[in-house]
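**Student:** Below: sequence and its predicted model.
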Amino acid sequence: MIRLALHGIGTVLADGADTVDTSDLNSYFAPRRLRRVDHFTRMTMLAGCRALHDAAGTMQQDQKTPLPLPEDMGIVISTGYGPSQTIFEFLDSIIDHGAGCASPLAFSHSVHNIPAATMSLFLNNPKPYTTLCQLHGPLLAGLQTAGCWLNEGRVRKVLLGLVDEKTALLENNTRRLLEKKGVAGDQIPVGEGACFFLLGPADRAEDAKYGTLEFETLSAQELQETELPGQTYAPARSLRRLEKLGITATATQQTDMVCAAGPELTAAVKNAGTSCCIEQAGNNFGLISIRPQD
């Protein structure tokens, strides 16, 4: 089991399957600087800034309000598809104009690590940052990476973000694949959003606002044999699988996205000590719980 101190949380979530409103980011940075920042990166930056303020117990008043940036902080972003809208805009430019005339701006924005780099630049935080892109267990992978960085002493804090964006292509492909499998009636609306967690070493958790986050990876049988707390949260896409294992779970977000475990972990934090979050990672499961401060 791995333990990390949880200092702050920041979220940017849509109501239902709507598009996330990121206009509040203009309160943090001048709109002129944000002109070329894509939607995925805007969600990333806004949720990350909110997590920093949450950890410090402060609020953003206007662009002159300084962000409470922790000393020696790394950034880890975990995502299912990354900034897919800009990726396909670049591919479209190749199809339309050929490789020699493809948009260099679209290419630079299509690199998966650009949102983390952009946030590091806007925060004036020249520290390590990386982006993980995988369809199974993105929350677990992000937590494991954060734990490694902290144990190595590479950084003192890690700002971990779970981010996914909704695109028309993703919605169409999801519908097409489900129809091919003959389960189109079971489709959960595709959603988007960002959840960030400011993490630190567990041995320095005395000042952690939310206590200690504990997580481990279990097989299906091990999960069945584990005594779970009163309330279990899990992404909507995993509820049926958990039900077959005899586990009753709740999804606070009735939308489908690879990083849906982020909002569910946020819900578990609000009921720390009496709830947990489960993320399916292939044939295994990640069990994440919060131990509040005494």
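**Tutor:** That came in fine, so what should we check first?
**Student:** in the stretch 151-294 of the chain, which spans are helices?
**Tutor:** 168-181, 220-225, 239-244, 261-270 (DSSP state H, counting those that start in this stretch).
**Student:** Which positions within the last one qualify as buried?
**Tutor:** Judged by neighbour count (16 or more other CB atoms under 10 Å), helix 261-270 contains these buried residues: 261-269. Yep, even glycine has a C-beta here, placed from its N, CA and C like the rest.
**Student:** what do you get for the longest one?
**Tutor:** Within helix 168-181, the residues that qualify as buried by neighbour count (16+ other CB under 10 Å) are 170, 174.
**Student:** how about the helices of the stretch 151-294 of the chain, which one is nearest residue 129?
**Tutor:** The closest of the helices of the stretch 151-294 of the chain to residue 129 is helix 261-270. By CB to CB, the value is 17.9 Å.
**Student:** what's in contact with the closest one?
**Tutor:** Helix 261-270 has contacts (CB atoms under 8 Å, 6 or more residues apart in numbering) with 6, 9, 11, 13, 138-139, 162, 193-195, 197, 210, 231, 233-235, 250-253, 275-277, 279, 286, 288-290.
**Student:** Now restrict those residues to buried residues only.
**Tutor:** Using 16+ other CB under 10 Å, the buried ones in the contacts of helix 261-270 are 6, 9, 11, 13, 138-139, 162, 193-195, 197, 210, 233-235, 251-253, 275-277, 279, 286, 288-290.
**Student:** you'd agree residue 116 is up against residue 129?
**Tutor:** Yes - look at residue 116 against residue 129 with CB atoms under 8 Å: they come within range, at 4.2 Å.
**Student:** Which SSE is immediately downstream of the longest helix along the chain?
**Tutor:** Determined from DSSP state H, the single longest helix within the chain is helix 39-56. Tracing the chain past helix 39-56, the next element assigned as helix or strand by DSSP states H and E is strand 73-79.
**Student:** What angle do helix 168-181 and the next helix or strand after that next one make with each other?
**Tutor:** Later in the chain than strand 73-79, the nearest helix or strand by DSSP H and E is helix 84-97. Using axes from the mean of the first three to the mean of the last three CA atoms, to 10 degrees, the direction of helix 84-97 lies 90 degrees away from that of helix 168-181.
**Student:** where's helix 84-97 relative to the chain centroid, distance-wise?
**Tutor:** Put simply, helix 84-97 sits 25 Å off its chain's centre (CA atoms, centre = their mean, to the nearest Å).
**Student:** and the angle for it with helix 39-56?
**Tutor:** Using the same axes, to 10 degrees: helix 84-97 against helix 39-56 is 160 degrees.
**Student:** Give the rounded mean pLDDT of the helix or strand following helix 84-97.
**Tutor:** Per DSSP H and E, helix 84-97 leads on to helix 104-110 as the next helix or strand towards the C-terminus. Here helix 104-110 scores 75 as its mean pLDDT.
**Student:** CA atoms only for the helix or strand that helix 104-110 is followed by, dumped as CSV, please.
**Tutor:** Going down the chain from helix 104-110, the next helix or strand is helix 114-122, by DSSP H and E. C-alpha atoms of helix 114-122 as CSV (Å, rounded to 0.1, in the frame of the first residue of the first chain):
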residue,chain,number,x,y,z
ILE,A,114,2.0,20.6,-23.9
PRO,A,115,-0.8,21.3,-21.4
ALA,A,116,1.6,20.4,-18.5
ALA,A,117,4.3,22.6,-20.1
THR,A,118,1.9,25.5,-20.6
MET,A,119,0.7,25.3,-17.0
SER,A,120,4.3,25.2,-15.7
LEU,A,121,5.1,28.3,-17.9
PHE,A,122,2.0,30.3,-16.7
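**Student:** quick revisit: can you put the helices of the stretch 151-294 of the chain in CSV and add mean pLDDT and distance to residue 60?
**Tutor:** As requested, the helices of the stretch 151-294 of the chain are exported to CSV (pLDDT from 0 to 100; distance: least, CB to CB, whole Å):
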stretch, mean pLDDT, distance to residue 60
helix 168-181, 84, 31
helix 220-225, 95, 40
helix 239-244, 93, 35
helix 261-270, 94, 19
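**Student:** With residue 67 as the reference, name the closest of those helices.
**Tutor:** Going by CB to CB, the one of the helices of the stretch 151-294 of the chain nearest residue 67 is helix 261-270, 20.6 Å.
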